[in-house]
Every structure is written in structure tokens, then in C-alpha cells.
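Novice: Whatever this is, show me its structure:
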Amino acid sequence: MKHDLLAIGSKTILLLFALMLVACSSPVARAQTISASNNPALASATTTTSYTIVDTGQTHYYNNTGQINCPQTGGAFFEQDAQYTGSAPSYKDNGDGTITGVNTGLMWQKTPGSKVTFANAVAGAKLLNLGGYMDWRLPTIKELYSLILFSGTDVSPCISGETCNNATPFLDTNYFDFKYGDTNAGERVIDAQYWSSTAYVSRMMSGNATVFGVNFADGRIKGYPRTSPRGEMLEFVRYVRGNPNFGVNSYVNDGNGTITDNATGLMWSQTDSGKGMNWEAALAWVQQKNAEKYLGHSDWRLPNAKELQSIVDYARAPATTESAAIDPMFTTTTIKDEGGKTNCPFFWTSTTHADSRNGGSFAVYLCFGECLGYMQSPTGGTTLMDAHGAGAQRSDRKTGSVSNYPQGSGPQGDVVRINNYVRLVRGANVTLTTNTAGVTATPSAPIGQPPRQGQPPAQGQGQRPVLGQSIQSGQPPQPGQGQPPQGLAGDRTGGRVRAVNGSTISVENPQGKVTIVTNASTKFTANGQASNLASVTARKFVEAIGQKQADGSWLATQVSISDRPPMPPGQQPAGGTPPSRK
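Specialist: Here you go, the predicted model:
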């Protein structure tokens, strides 16, 4: 069997392991478990949650514009989404056209049919006989949103003719079939919307009856009118069955300023931040509250997109219930919106909303009030209106001046606020990956646990794989694929090295890709040649012995890397001898 991997003896030191141990790595982690001992509300609760919130799958770190190294502990952008690992998305293909969500207890239709009207979507559930089951249903918006992955990239820039070189669906295409909008049929590339069964309790735009859906091409929740001047809207459908309690909250007022959801295992602050702030400031505000031991706890975090969406109450909306789209047990600040009306704020999440240009200047927010946009008027100009519905998930600029966007942003003129509000969360068995050394290795999977995101789509499925995607979530390397010895984080040394810039290289092999920031003590060999980065940069070394690629990077094969001194004679690395490669 031919491999591009260099046979590694016991003296070869694995750079990734070293970096993972000193950099974005310590799952010294705050394992945040709310237990009966520190929360009486859970004293009679079972340890199994009925509403497991699966992780967002985000593994890259971002500042206000793009990808960065793992943020240093206590520094800017610390404790963003990618630094937390929760319940990893995990699926089982049943081989009969159905996919089972291992963590959610939901069974899904693998392949959606053609786009249909909402009425036909509802009727189709009763007619579907798949996998021997006939109890299929149209998913609620919370069930449907459980599938979203923020390893995806927004293809909205492609609407204006830009090339989507890194287009990646917000869905695990290893298990679920997916199509972008058919531009040859006059659709936009982002027209990959899916119906849910959740109706908006208010009205949008021109008073249209509206149903929420998820767009897996641009990574958003929006209310879609059932009818429009162009006729009935057509969307995809992915039916679901099982776990009727998924998405059903079970709140307890703890009587101390916190609210616990027994269904998810999350504890929330009852009140919000009371003021708006940009994304970087929101992350810093959470650190401040932890330093204060706010409400008796020092392990609060900014919720990720799925966590925050879990507390949206889709039975509420300002125009209908005169309240925020959240259980009244919570207190929500009111604001004067862009039209001068009383409304509710947008709320930040820790999740970056990346786009297909490798940009990271937007972060995800949830609308707990009317989700406004400046819509084009048939008579010319724009009109400010509820464009998406209370409970929609959108994205806002992380920083900047609102005055630069008087007509909002995007195809429907989403209002730009930048200074959004925060509601704190803690608990639910998450692990924080920290960085105390200022260097990083990604993806940020905890030691001893499988990485968090699925493999790139297979060739022929119509999607481009994204550099940086790691191995399939929930599945460790198979026998014969270089499994690490017990106690090691995962074997990623070997394979190919790609020079990215003067001090950054990436190691790629069948287990995935890891980005490494090198330093003067890093040594590696490639194509049989050795280098000490004290004397030559990683890029220049790889350029000297590698081949230039179409994307401008340089690629070399047969790589071995070391940044630690040799082990004393007779001593084995922790965890045993690394597996050999033949």
C-alpha cells in the first residue's frame, strides 16, 4: 500500500502533540456541569437531557476580520465558539434512506425531494413511507436548526457575481444530500431554504402569513412568506421522526438571578447585559462578569448560536404578545428601534458567521424582537419593516460605525446595529480549550476526544471541500489509519506540509489538516531534507523543496516535525510508542 507518509521511529517527536499541550489545548478545561449539589433545581432531574444541543462545529478562531490563532487566555477574543467543545454532531447512516442523530434521538430523511409549497410539505409527511416508518413529520424550527453547522461558509457574496471558491454548506454533506440554488433555472445560489412546521405568530413584510425555515446555503433562520406576489414559495423539505420532546424547554427559576433549563442542562442569567456592545466587547464583558463571580459563578460564557436559539419562544412576538420571543421568566431590555418604535435588541452569540471569501467580519445574532430590514418598495426607495420575524437568526458586523449602513446590509437590508446585547449561559458539559503560550494548533478538539467536524464532501457531490475541515465528527480514526496510543491527542504528523506565510505551515494527512505557527525551535524534514527554522522560515524552506500550488501556497510531502529535545535513552514518549507507518 502506497503512502506519502514518512515512517516514524520512536525518536520522532510529534509537533502537534507538543503544541496541543502548550497552546490552545488545556482541557484543564472548565467542564461546566450544573449538578444538584450546586443547583437545587436539578436535584430531581435525570442526568440525560431530552433536548441535547449539539455543537456548532466551528473550529476556526476569528478576530473582527478573519481567522487568527487561538486567543490567549484572558486576551482579546477569548472564549469564542471554537474554544468550547460540547456534544459533537454525530450521525448514523441506516442504509435505508434515513439518518439517525446519535445525540438528538431524531431520525432524518437523507435525501430531500424537489422544492414544494408549504401546504404540500405538510401533506407530504403523511404520505411518506421511508425506512419502514410512516410517522414522519415536518420538523420544528428547533429540530431543523439542530442540523446546522457553522463550519459552513455563507455564499451570499456569489449573488453579486463573486466566485465562491470556498463554498461549504452549513450541513454535514457526508450524511445529508444537499443542493445550492439552481442558477440555470433563474434561482440565486443561496436559494437552498428548508421549510419547518413553525409558523410566525405575527406577520411580516406586507402582512403575509409566514413560516420559519433554515437556509443551509447562507447559514440563517428566516421567516418565509407562504405566498407572495410571485406566487406560493417553494422550498426543500427534510422530514424527521422520533424524540417528540426535542426543542421543548423545561425552565426552573432558581430564585437567585438564574434560570435553569432542565431539558438542555443550561443555566442562564435571568437578565441581560442592559446595554449593547460590539462583538469583541461582548466577549470581554463575559470575562469581566466571571472575574466578578457574577451570580456566584465564574464560568459564564457567551452562548453559541445553537445554545441561544434554544431559548427562543416561537409562540411570542412583540406585535402579538407584546413581549420578546422568550419565556416571560426572563427579563429582556427594550430599545427604540431604527423606526422609533419600542422593540427588543439583537443578542450576540460567540459564533462567527464566515463567508466564502474567508472573511470573518460578521458574527451570529438572534432576534428576540422584530427582525428589521430596509425592504425595497414597489414605488421606489425602501421601507423599514419586520423582514425576518422574531426568532430569526442573522449576522451583524462585529465592529464599525452604524452610520455607514443607513440602508442596512444584504439583499433585504438587514439593519446594522453592531452594538448588540448579551445573555450569559453556563453548564451542559462543555470543555474550554485554552492558550497560555500564544501559539496554536487547530482544530481545537480536546485531548482524548474525536475532532468536531465532518469530512469534506466527497467528490461528485457538488460541493468544494474546505481547507481546514477535520475528520468526521464522532468517529475516531479507523484501525490501520494511524490511531494514536492511549493518552495522546491524535496522530497528525506526517503527510504533506503546506507553507501559508512566513511563520505558518499546515500539516495535512488523511486525519485532517492542522495549522501550526512555527518558531525558532521548530525543526522538520520534508522530501528527505531537514531545516531548523532558526535559520530559515517555514515558507522559504518549503518553497525550496516543494511545488507551487494553484492557490499560491507551496506543498511538500513526506514530512516529519519536531520542536522538543530528544527523549533520554530508553525513555518512551508519554502514552507509549507512536505507531509506525508502512
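Novice: Please count neighbours and contacts with C-alpha atoms only from this point.
Specialist: Will do.
Novice: Residue 117: neighbouring residues, count only.
Specialist: Residue 117 has 18 neighbours, counted by other Cα atoms under 10 Å.
Novice: I'd like to know how many residues surround the residue lying closest to it once chain neighbours are set aside.
Specialist: With Cα to Cα, 6 or more residues apart in numbering as the criterion, residue 117 has its nearest non-adjacent residue at 4.7 Å, and that residue is residue 234. Neighbour count of residue 234, defined by other Cα under 10 Å: 20.
Novice: Residue 142 sits in which helix or strand?
Specialist: Per DSSP states H and E: residue 142 is located in helix 141-145.
Novice: list the buried ones in stretch 241-259?
Specialist: Across stretch 241-259, burial judged by 16 or more other Cα atoms under 10 Å covers 241, 246-249, 251-254, 258-259.
Novice: Equivalent analysis for stretch 153-161, please.
Specialist: Within stretch 153-161, the residues that count as buried by 16+ other Cα under 10 Å are 153-158.
Novice: got it, and stretch 124-141?
Specialist: Across stretch 124-141, burial judged by 16+ other Cα under 10 Å covers 124-125, 128, 136-141.
Novice: Residue 110 is in contact with residue 100, correct?
Specialist: No: applying Cα atoms under 8 Å, one finds residue 100 not in contact with residue 110, separated by 9.4 Å.
Novice: Need the pLDDT of residue 434.
Specialist: pLDDT recorded at residue 434 is 81.
Novice: Distance check, it against residue 84.
Specialist: Between residue 434 and residue 84 the computed distance is 9 Å (Cα to Cα, to the nearest Å).
Novice: Then residue 410?
Specialist: Counting by Cα to Cα - residue 410 and residue 84 are separated by 30 Å.
Novice: Could you report the neighbour count for residue 226?
Specialist: Other residues close to residue 226 by other Cα under 10 Å number 18.
Novice: surely it meets residue 213?
Specialist: No: counting by Cα under 8 Å, residue 226 stays clear of residue 213, with 11.1 Å between them.
Novice: can you give me the helices in the stretch 201-350 of the chain?
Specialist: 279-291, 305-309, 318-321 (DSSP state H, counting those that start in this stretch).
Novice: coming back round to it: widest-spaced pair of the buried residues of stretch 124-141?
Specialist: Largest separation among the buried residues of stretch 124-141 by Cα to Cα: 128 and 141, giving 19.9 Å.
Novice: Give the pairing partners of the helix or strand where residue 384 lies; include direction for each.
Specialist: In this assignment (DSSP H and E), residue 384 forms part of strand 382-386. The pairing partners recorded for strand 382-386 under DSSP bridges are strand 372-376 (antiparallel).
Novice: In the strand it pairs with, which residues are buried?
Specialist: Buried-residue list, strand 372-376, by 16+ other Cα under 10 Å: 372-375.
Novice: Make a markdown table out of these and add pLDDT.
Specialist: A markdown table is the format used below for the buried residues of strand 372-376 (pLDDT from 0 to 100):
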| residue | pLDDT |
| --- | --- |
| 372 | 94 |
| 373 | 92 |
| 374 | 93 |
| 375 | 88 |
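Novice: ok, so of those residues, who is nearest residue 284?
Specialist: Nearest to residue 284 out of the buried residues of strand 372-376 is residue 372 (Cα to Cα; 27.2 Å).
Novice: Now that closest one. Nearest residue, chain neighbours left out?
Specialist: In this structure, residue 372 finds its nearest non-sequential neighbour in residue 386, 4.4 Å apart by Cα to Cα, 6+ apart.
Novice: By mean pLDDT, flag the weakest helix or strand of the protein.
Specialist: strand 441-442 (a mean of 32; mean pLDDT, DSSP states H and E).
Novice: avg pLDDT for the strand holding residue 384?
Specialist: Per-region confidence: strand 382-386 scores 91 on mean pLDDT.
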